[in-house]
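sequence below, structure please.
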Amino acid sequence: MPMMLRRARLSDHRALVESAQRWWWEDPRTPAEGDPSRQLPRLFLQNFGSTSLVAEDNTGIKAFLVGFHSGDNDDDAYIHYVGVDPVLRGRGLARGLYSAFFKRAAEAGREQVRAVTSPRNGPSVAFHRALGFTPEAGDQEVDGLPVHSDYDGPGHHRVCFRRMTAG
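The predicted structure follows:
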């Protein structure tokens with residue numbers, strides 16, 4: 001089935017949250033970091049639908065990327081949340097979403113893209129590194145990885161990544 005890539009719409013919100021809940025809680029390979037409805041509030045699609053992406057086929061949404069251009073730094077874009085149906089992982093869907101986001105960010109004059117992930121999420125860390133993201137220096141190291149302590153609140157340590165849009 002051909003996959004179509006499009007901008008996210010506000011009307012996608014429920015499907016994205018439900019997909020993320022299903023994909024993370026049913027896939028033991030992905031460490032669940034909390035309820036996706038809290039990580040994907042409606043405001044992201046209300047304000048950043050034009051910079052967020054959805055991959056779908058005629059059966060529905062198969063992958064998505066929620067991202068935005070920084071309002072405080074004209075050089076930055078940020079990838080907030082990405083989901084791919086576990087059945088389709090490893091087939092290039094996430095890479096395609098990231099590539100499209102990089103291209104659109106560069107066209108908008110953004111020079112770098114930032115993303116964060118949990119240091120416990122080895123597949124995410126490896127994926128970001130494979131795409132050319134570099135971990136930024138943190139205040140501690142976990143298994144040789146620079147980590148920012150309490151980045152998303154007490155006990156929610158994160159690896160902060162950055163990548164140039166042309167690269």
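
assign a three-state SS to residue 99, would you?
helix (DSSP: H, G, I helix; E, B strand; the rest coil).

neighbours around it, how many?
Using other C-beta atoms under 10 Å, residue 99 is surrounded by 13 other residues. C-beta coordinates here come from the backbone N, C-alpha and C atoms, glycine included.

check the closest residue to residue 48 other than its chain neighbours and give its pLDDT.
Distances taken as C-beta to C-beta, 6 or more residues apart in numbering place residue 68 nearest to residue 48, at 3.9 Å, with adjacent residues excluded. Residue 68 carries a pLDDT value of 98.

report all helices and strands that the helix or strand hosting residue 68 contacts.
Taking DSSP states H and E as the criterion, residue 68 maps to strand 60-69. Other helices and strands packing on strand 60-69, by 3 or more C-beta pairs under 8 Å, 6 or more residues apart in numbering; DSSP states H and E, are helix 13-25, helix 43-48, strand 53-57, strand 76-84, helix 93-107.

in TSV, list the ones you listed along with distance to residue 140 and mean pLDDT.
Listed next are the helices and strands packed on strand 60-69 as TSV, based on distance: least, C-beta to C-beta, whole Å; pLDDT from 0 to 100:
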stretch	distance to residue 140	mean pLDDT
helix 13-25	26	87
helix 43-48	29	94
strand 53-57	33	97
strand 76-84	23	95
helix 93-107	27	96
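
dump these to JSON lines, plus distance to residue 131.
Listed next are the helices and strands packed on strand 60-69 as JSON lines, based on distance: least, C-beta to C-beta, whole Å:
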{"stretch": "helix 13-25", "distance to residue 131": "20"}
{"stretch": "helix 43-48", "distance to residue 131": "20"}
{"stretch": "strand 53-57", "distance to residue 131": "15"}
{"stretch": "strand 76-84", "distance to residue 131": "10"}
{"stretch": "helix 93-107", "distance to residue 131": "6"}
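
great, nothing more from me.
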